[in-house]
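Q: pasting a predicted model and its sequence here:
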Amino acid sequence: MGNSSERWCGSVPGVLLIGLTGGIGAGKSSVSAALAERGAVVIDADAIVKELQSPGTEVFAEMVERFGIGIVADDGTLDRAAVADVVFTDPQALADLGAIVHPRVHAEIERRIAEQASTDRVVVLDIPLLAEAGWPGLLGTIVVDLDPEVAIARLVAHRGFTEADARNRIANQMEREQRLSKADFVVDNHGDPLALQAEVDRAWAWIRSIDPASLP
């Protein structure tokens, strides 16, 4: 989402804010959904991006102006695979995409966090590049961990990625060891779905153990 936490705005008083991140294919979405089942309010940056990139939005129009009509699918929506083919092989194109999308995403995330001000809800901020960009006011960061080679296999088998596309995307993210160094809690996703649920139970217990007096 960016290169410096200085690009992110401040925290909201009273919000118990937990960061959630992980490399592509690590299973972060499964973990965020499981945390929501346990009572967390999940703010999903990827979902916000998709909303902001809908036809008729400023973001959609600016992306077409920058990258051309080739990123528009036959039904008039954004062809995400076409965008990926451009930006994940061209650093300047990736930077230009970030300049279009990120400021709007940041503003919408801040708005949704503010909606939870002074509640007793756990707010989970689900951002793929949280380890790279940071966010002020987090009481802790959960990293969903998976060996990149296993992640590539899962992306190809279950999400329709080509191996080349999966590798390009992983290459544009922080290395596994660096991401783990940012973690306050690690969810290991090398097991089966039942094992992942047990890991999420551990994560939820850790979240609930955080002293509200430590809120910023």
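A: Yes, it's here. Because the structure is a prediction, the values reported are computed rather than measured.
Q: which one's the longest helix in the protein?
A: helix 91-115 (DSSP state H).
Q: what comes up buried for it?
A: For helix 91-115, the neighbour count (16 or more other CB atoms under 10 Å) marks 93, 96-98, 100-102, 104-106, 108-110, 112-113 as buried. Where you see a C-beta, it was placed from the backbone N, CA and C, and this is true even at glycine.
Q: what of stretch 17-34?
A: Buried residues in stretch 17-34, counted by 16+ other CB under 10 Å: 17-32, 34.
Q: burial of Thr77, as a residue count?
A: For Thr77, the count of nearby residues is 13 (other CB atoms under 10 Å).
Q: that one contacts Pro55, doesn't it?
A: Yes - the criterion here is CB atoms under 8 Å, and Thr77 meets it with Pro55 at 5.9 Å.
Q: low-confidence ranges, this protein, go.
A: Under the criterion pLDDT under 70, the flagged ranges of the chain are 1-14, 212-216.
Q: could you redo the last one with a cut-off of 90?
A: 1-16, 85, 88-89, 117-121, 127-139, 160, 165, 168-169, 171-174, 210-216 (pLDDT under 90).
Q: what ranges do the helices span in it?
A: 28-37, 45-52, 58-67, 80-87, 91-115, 130-133, 148-158, 163-171, 176-181, 193-208.
Q: still on that earlier bit, what is the longest helix of the chain packed up against?
A: strand 41-44, helix 45-52, helix 58-67, helix 80-87, strand 122-126 (3 or more CB pairs under 8 Å, 6 or more residues apart in numbering; DSSP states H and E).
Q: does anything pack onto the third one? Which helices or strands?
A: The elements that helix 58-67 packs onto, with contact taken as 3+ CB pairs under 8 Å, 6+ apart, are helix 80-87, helix 91-115.
Q: residues in contact with it: which ones?
A: Contacting residues not belonging to helix 58-67 are listed as 52-54, 71-72, 78, 83, 86, 93, 96-97, 100-101, 104 [CB atoms under 8 Å, 6 or more residues apart in numbering].
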